[in-house]
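Engineer: whatever this is, show me its structure:
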Amino acid sequence: MNVVKKTLPGLLLCLVLAVPCWLLGRAFPVVGGPVFAILAGMIVALFLRNKAPFQAGIAFTSKKILQYAVILLGFGLNLSQIAQVGGKSLPIICSTITTSLVIAFVICRWLKMQRNISVLVGVGSSICGGSAIAATAPVIGADDDEIAQSISVIFLFNILAALFFPTLGGLMGMSNDGFGLFAGTAINDTSSVTAAASTWDTLHATGGAVLEYATIVKLTRTLAIIPITLVLAFWRTWQAKRGGSASTGTFDLKKIFPFFIIFFVLASVITTLCTMAGVDAAVFAPLKELSKFFIVLAMAAIGLNTDLVKLVKTGGKPIFMGVCCWAGITAVSLGMQHLMGLL
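Structural biologist: Numbers count the residues shown, from 1 in each chain. Okay, the predicted model is just below:
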């Protein structure tokens, strides 16, 4: 009961912020609920003089609720459907992810940037925006300022891609499948992939075919969360072992290893098996929506813990990294499609 009393005020505050932001995100999918929530949290934090009564609940929401959101995300992945349709996109997905991570690593070293922000921007750009950041942040021990900074960078390029990619695809004379593959591999966040593909469907009267294809490609890309987070976990474990042997000789694997990713995989396996057994995929729709809402809820908490002034002052380098990752992914996606004869 003591724990409940401590966490309840902060959790309720996050909930009050999250509900309208979630609704705004549904009304304006190009921006998305998580971005509205982070902004709302940062604005409220400027006027919240005594944050102490809310701190325990804010911390619980920004850490635990974020992990629950990733677990529930697994219920949106039908692995058999991804295997059937998303297979031919794998070479492009692997190329774009590698490109983004290499660019992030090089710029991190070149500009001497904070390692966590570099990892989050690289992973968010290459895999699936906010969801990838949500999955990776607990694994690398990123703080709320770093998460907010990364989400802000991803948001900027999500909007640009959703607005300009349909026009770019039209100017390049892309086929419907070509644009669906381009949107699914080169746009960061699922909401922006949906927005761009829907715009293409409207302009070219495809009856929603591009939206469906781009979404499956994007979900295939989302699976990269699993190997990326596991590699980062083992890398951090190795670092902790090395640091522990030099000092105390001990480290806690449970605190480092992303066990919630195992539940994410389990959720996707359950979804796949159920749909193969004839269960309507719509059964899992409420869990997918709950996952989205939990991400918005967690981002409200992260906004409450973020220093807006500091975020603005330190935003130059992450934005530059985001530009480079975005340009690299776009070029590699188009180049690989050209080489594979898919444009």
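Engineer: report the helix or strand with the lowest average pLDDT across the protein.
Structural biologist: One helix or strand of the chain scores below all others by mean pLDDT, DSSP states H and E: helix 253-256, with a mean of 58.
Engineer: pLDDT weak spots in the chain?
Structural biologist: Along the chain, the model assigns pLDDT under 70 to residues 1, 30, 85-86, 240, 243-258, 343.
Engineer: again, only using 50
Structural biologist: For the chain, applying pLDDT under 50 flags the ranges 245-251.
Engineer: in it, where's the longest helix?
Structural biologist: In the chain, taking DSSP state H as the definition, the longest helix is helix 144-171.
Engineer: chain center to whichever helix or strand comes after that helix, what's the gap?
Structural biologist: Following helix 144-171 in sequence order, the next helix or strand is helix 176-186 (DSSP states H and E). Centroid displacement of helix 176-186 relative to its chain, using C-alpha atoms, centre = their mean, to the nearest Å, is 19 Å.
Engineer: for stretch 4-11, C-alpha coordinates in CSV please.
Structural biologist: In CSV, the C-alpha atoms belonging to stretch 4-11 read as follows (Å, rounded to 0.1, in the frame of the first residue of the first chain):
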residue,chain,number,x,y,z
VAL,A,4,0.8,2.5,-4.3
LYS,A,5,0.4,5.8,-2.2
LYS,A,6,3.9,6.9,-3.4
THR,A,7,3.3,6.2,-7.1
LEU,A,8,-0.4,7.1,-7.5
PRO,A,9,0.0,11.0,-7.6
GLY,A,10,2.6,10.9,-10.3
LEU,A,11,0.9,8.2,-12.3
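Engineer: just the CA trace of stretch 21-35, in PDB.
Structural biologist: Only the C-alpha atoms of stretch 21-35 are listed here, as PDB (Å, rounded to 0.1, in the frame of the first residue of the first chain):
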ATOM      1  CA  CYS A  21      -2.300  13.900 -26.000                       C
ATOM      2  CA  TRP A  22      -3.300  10.500 -27.200                       C
ATOM      3  CA  LEU A  23      -6.500  12.000 -28.700                       C
ATOM      4  CA  LEU A  24      -4.500  14.700 -30.300                       C
ATOM      5  CA  GLY A  25      -2.200  12.000 -31.700                       C
ATOM      6  CA  ARG A  26      -5.100  10.200 -33.300                       C
ATOM      7  CA  ALA A  27      -6.400  13.500 -34.800                       C
ATOM      8  CA  PHE A  28      -2.900  14.500 -36.100                       C
ATOM      9  CA  PRO A  29      -1.000  11.200 -36.800                       C
ATOM     10  CA  VAL A  30       1.800  13.000 -38.600                       C
ATOM     11  CA  VAL A  31       2.900  14.500 -35.200                       C
ATOM     12  CA  GLY A  32       1.800  11.600 -33.000                       C
ATOM     13  CA  GLY A  33       0.700  11.300 -29.400                       C
ATOM     14  CA  PRO A  34       4.200  10.700 -28.000                       C
ATOM     15  CA  VAL A  35       5.400  14.000 -29.300                       C
END
